[in-house]
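Novice: output the structure for:
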Amino acid sequence: MRIIHTGDIHLGSPLRGLPMDKAKLRQAEIVDGFRRLCTYARENGVQAVLIAGDLFDENAATPSLRADVLAAVENAAPVCFFYVSGNHDGRTLDGETLPKNFYVFSKNHGWHSYELPEGVSITGIDGRDMRVDAYAALRLAPERFHIVLMHGDVSRPQGADGISLQQLQNRNIDYLALGHIHIPMMNAERLDGRGRYRYCGCLEGRGFDECGKRGFFLLTVQGGRLVNEQFVSLAKRDVVDCRVDISACRSYYDVETAALAALKTAAKTEDVVKLVLCGSHEVGLRKDVSLLAARLSEQYFYVKAVDESRIRIDFEQYKNDLSERGEFVREVCRMAMSEQERAEILDVGLKALAGEEIDL
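Specialist: Predicted coordinates for the structure are as follows:
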């Protein structure tokens, strides 16, 4: 049996980190990404798709968006979809007429199980129904292969969206399919002597806090065992974090050349890129991150440039400098502080005196 583990798709999310035209296009692409997943499932013999919460962004889930998503699910039949709500999609689908191949877990306001062929069971609980006393109610027969579907944070078991791994141990769970954390766990972690757990990550990167490959996990269960796990990415674009050391740069042209060289190996032209300038450089180097971002965005889908580089200070050079800049350097050097703090203050101050953009 082939099973997809996905979640945290956040359909309708406003994507505020991009310009309006790019954000609208990305919104449409992410919806199309979910359609591609549905098509992939149907065409590749997948029997079940597990959606571990946050399918939608609640306030952005328009009636037309909900209709498009449910139509994609229905068109993927005979693939079955199993969905628990997360902390963002709330009651988005309450009152909707759901396709026959779309299964939810809220009807009993607690745990609910669905039995699949080959001895596989899918058990889940909606995030909105999860309470501390719910763990004791989870009872699973040892002879079946049990997948448990949940949305929450295992690092904060006592928090509002927390999940206690300790209280899920020794309950005959074979695979705990989690949503909420947007970074995929390429290697599932051990839950107990029998089972493992994993976060699937989001389906596509939506912002600069979701850099790197995003996709879903394709699981193969055979003979009561998980025999294969594969990470599959159908993302239209990746969000790439690219760091460029400009320590050797002497001009804006050098900075742009270094950035282009780094992006050539780090990103594809269709990607969303966060370019971070780093390293240390001589006073007076023109970096102009706005111009740099605009120039690179002509070659990539979108580039955001951030300057984290530092100015190299030769303090002897400013000992007798009568300029405003020299007085500033000497004053900072007289102050009691750590070398790290001194470097940061000098960097910001000298940038301000030179009229450069400052990223704080």
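
Novice: which residues does the longest helix along the chain contact?
Specialist: Determined from DSSP state H, the single longest helix within the chain is helix 20-43. With CB atoms under 8 Å, 6 or more residues apart in numbering as the contact definition, helix 20-43 has outside contacts at 4, 6, 9-16, 18, 46, 49, 65, 68-69, 72-73, 75-77, 79, 203-204, 206, 216, 232, 234-237, 272, 301-302. For every residue, glycine as well, the C-beta is placed using N, CA and C.

Novice: please enumerate the helices of this protein.
Specialist: Listed in chain order (using DSSP H), the helices of the chain are 20-43, 63-75, 165-168, 252-266, 289-296, 324-334, 339-353.

Novice: quick revisit: now the buried members of the contacts of helix 20-43.
Specialist: Among the contacts of helix 20-43, those buried by neighbour count (16 or more other CB atoms under 10 Å) are 4, 6, 9-13, 15, 18, 46, 49, 65, 69, 72-73, 76, 79, 203-204, 206, 216, 234-237, 272, 301-302.

Novice: got the confidence number for the residue nearest to residue 234 when sequence neighbours are not counted?
Specialist: For residue 234, ignoring the flanking residues on the chain, the nearest one in space by CB to CB, 6 or more residues apart in numbering is residue 36 at 4.7 Å. pLDDT recorded at residue 36 is 97.

Novice: one more: residue 14?
Specialist: Residue-level confidence at residue 14 comes out at 83, pLDDT.

Novice: with residue 161 instead?
Specialist: We have a pLDDT of 83 for residue 161.

Novice: and the residue nearest to residue 204 when sequence neighbours are not counted, how far from residue 325?
Specialist: With CB to CB, 6+ apart as the criterion, residue 204 has its nearest non-adjacent residue at 4.5 Å, and that residue is residue 235. Relative to residue 325, residue 235 is positioned 47 Å away (CB to CB, to the nearest Å).

Novice: repeat for residue 284
Specialist: Using CB to CB, we find residue 284 at a distance of 10 Å from residue 325.

Novice: now residue 288
Specialist: In this structure, residue 288 and residue 325 are separated by 20 Å, where distance is defined by CB to CB.

Novice: before we move on, what about residue 7?
Specialist: When CB to CB is applied, the distance between residue 7 and residue 325 equals 53 Å.

Novice: these two - which one has more neighbours?
Specialist: In terms of neighbours (other CB atoms under 10 Å), residue 7 is the more surrounded of residue 7 and residue 325; the figures are 29 against 15.

Novice: in this structure, which helix or strand is least confident?
Specialist: Least confident helix or strand, the chain: helix 339-353 with a mean of 74, by mean pLDDT, DSSP states H and E.

Novice: which secondary structure elements does that one contact?
Specialist: strand 310-311, helix 324-334 (3 or more CB pairs under 8 Å, 6 or more residues apart in numbering; DSSP states H and E).

Novice: contacting residues around it?
Specialist: Contacts with helix 339-353, where a contact means CB under 8 Å, 6+ apart, come from 283, 310-311, 313, 324-325, 328-329, 332-333, 335, 337, 357-358, 360.

Novice: ditto for stretch 123-138
Specialist: Residues lying outside stretch 123-138 but in contact with it, judged by CB under 8 Å, 6+ apart, are 53, 82, 84-87, 90-91, 104-106, 109-114, 140, 146-152, 161, 163-164, 167-168, 171.

Novice: deepest of the helices and strands packed on helix 339-353, which one?
Specialist: Highest mean neighbour count of these: strand 310-311, a mean of 18 (counted as mean count of other CB atoms under 10 Å).

Novice: so what are the sheet partners of that strand and their directions?
Specialist: Each strand paired with strand 310-311, and its direction, by DSSP bridges: strand 280-281 (parallel).
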